[in-house]
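> Structure for this input, please:
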Amino acid sequence: MTNVFKDLNLHPSDNRGHLLTEQVNPKSECLDQLTTESLVTLFCEEDLEPQRAVAAAIPELIEAVEAITDRLRSGGRLFYLGAGTSGRLGVLDAAECPPTFCSDPDLVQGVLAGGSAALLKSSEGLEDIEQAGQKDLEERDFSPADCLVGIAAGGTTPYVKGGLAYAKEINALAIAISCVPIEQAELPCSIDIRLLTGPELLTGSTRLKAGTATKMALNILSTCAMVRLGKVFGNRMVDVAATNIKLMDRALRILHDLADVDRDRGTELLQASDGSVKVALLMHTCGLDAEAAKKLLIEQNNQLRTALASCKNCIA
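Coordinates of the predicted model:
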């Protein structure tokens, strides 16, 4: 059997027991002795903590959304960087942006220690290489115009700290997300988001409450930024990419709900607009052909509401 400890070389400073995410939760000290009903009930009760933790970080989340939006409007990109669960959550959020908002796949990117292979098979040792965070960003041409959200539940991941330090060094936007107090683990960043979910029911397993809070925070960052960029009208994803039956149906329902377009006419409009709900709405509402509608949208910085407001009989 391979000796997995031979290259670890632990030092006294590597003792992470003081971290909030590594502490023992007194509510679950008899976890293995609970009935299934008690287990499930306890987990449901504890999963209220991520909601409270995210709500407590509202000021920092607002600051982050506004800063990210400013960078994206100016041509920058958004990167999530992390290892293990934290990194996988970043990859997940990034992967959902193109189908939801029809964004360029390069606009929001997830960078995971160990690359795509680590999505399916744990590569935990790679998180200890501080230089690797910077290297992975450099390989993606990360620049001062870009934004980095470094995700480290325990706040000590060298891979993430290295990436954040590099982002600060080149004057990119550096945002940190962690689930321990600042005094327990400082991170090099301009905006510091702390999601204090408390000790896990399974001691140290940050895929639980910490992971849930992180997922919530990433949803907020990406969705709110896309709203600010004009990819949402009301609460409808008008930049949805109609790439499958479900999304085509959603696009048709948006056209019907916003402009009373029946499904046959909606299908014609979407075909003429290359699947763009925004362009289809402008064509129908303003009486424009596809090219004129696209031109109007560009003139209005891709903001559907202001584009519609410039037309007669608008729905804005």
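> Report the distance from the helix or strand of the chain with the lowest mean pLDDT to the chain centre.
Ranked by mean pLDDT, DSSP states H and E, the weakest helix or strand in the chain is helix 117-120, scoring a mean of 84. On the basis of C-alpha atoms, centre = their mean, to the nearest Å, helix 117-120 is displaced by 18 Å from the centre of the chain it belongs to.
> cool, and stretch 192-210?
18 Å.
> So which residues make contact with that stretch?
20-25, 27-28, 31, 42-43, 46-47, 49-50, 53-54, 56-57, 60-61, 64, 84-86, 153-154, 175-182, 212-214, 217 (C-beta atoms under 8 Å, 6 or more residues apart in numbering). For glycine as for every other residue, the C-beta is placed from the backbone atoms N, C-alpha and C.
> Now do that stretch, average pLDDT.
In this model, stretch 192-210 carries a mean pLDDT of 96.
> Any idea how far apart the tips of it sit?
Using C-alpha to C-alpha, to the nearest Å, one end of stretch 192-210 lies 16 Å from the other.
> Now it: buried residues?
Using 16 or more other C-beta atoms under 10 Å as the test for burial, stretch 192-210 gives 192-201, 204, 206-210.
> Determine which two of those are furthest apart.
The two members of these with the most space between them (C-beta to C-beta) are Asp192 and Leu201, at 26.1 Å.
> Do a quick rundown of the strands in the protein.
78-82, 108-112, 147-151, 173-178, 191-194 (DSSP state E).
> Out of the ones you listed, which is closest to Ser273?
strand 108-112 (23.8 Å).
> Would you mark the buried spots in that closest one?
Residues 108-112 are the ones in strand 108-112 that count as buried (16+ other C-beta under 10 Å).
> Which single one of the residues you listed is nearest to Leu288?
Val108 (30.4 Å).
> At the geometric centre of the chain, which residue do we find?
By C-alpha atoms, centre = their mean, the chain has its centre lying nearest to Leu218, at 3.4 Å.
> Look up how far Ile220 lies from the closest residue to that one other than its chain neighbours.
Spatially, and ignoring its direct neighbours in sequence, Leu218 is nearest to Asp93 (4.2 Å; C-beta to C-beta, 6 or more residues apart in numbering). Counting by C-beta to C-beta, to the nearest Å, the gap from Asp93 to Ile220 is 10 Å.
> higher neighbour count, these two?
Asp93 (23 against 18; other C-beta atoms under 10 Å).
> Tell me the pLDDT of Glu124.
61.
> Check Ala165 too.
98.
> Just want to check the distance between Leu126 and Leu42.
Counting by C-beta to C-beta - Leu126 and Leu42 are separated by 33 Å.
> Likewise for Leu221?
Distance from Leu221 to Leu42, by C-beta to C-beta: 30 Å.
> out of Leu126 and Leu42, which sits in the busier spot?
Leu126 (19 against 16).
> Verify the contact between that one and Val111 for me.
No - in this structure Leu126 lies outside contact range of Val111 using C-beta atoms under 8 Å: 11.9 Å.
> before we move on, the earlier item: let me know the closest of the buried residues of strand 108-112 to Cys147.
Using C-beta to C-beta, these come closest to Cys147 at Val108, 9.4 Å.
> Neighbours of Ala172, how many?
Around Ala172 there are 22 residues (other C-beta under 10 Å).
> Confirm for me that it is in contact with Gly150.
No - counting by C-beta under 8 Å, Ala172 stays clear of Gly150, with 11.1 Å between them.
> separation between Thr41 and Cys30?
In terms of C-beta to C-beta, Thr41 sits 14 Å off from Cys30.
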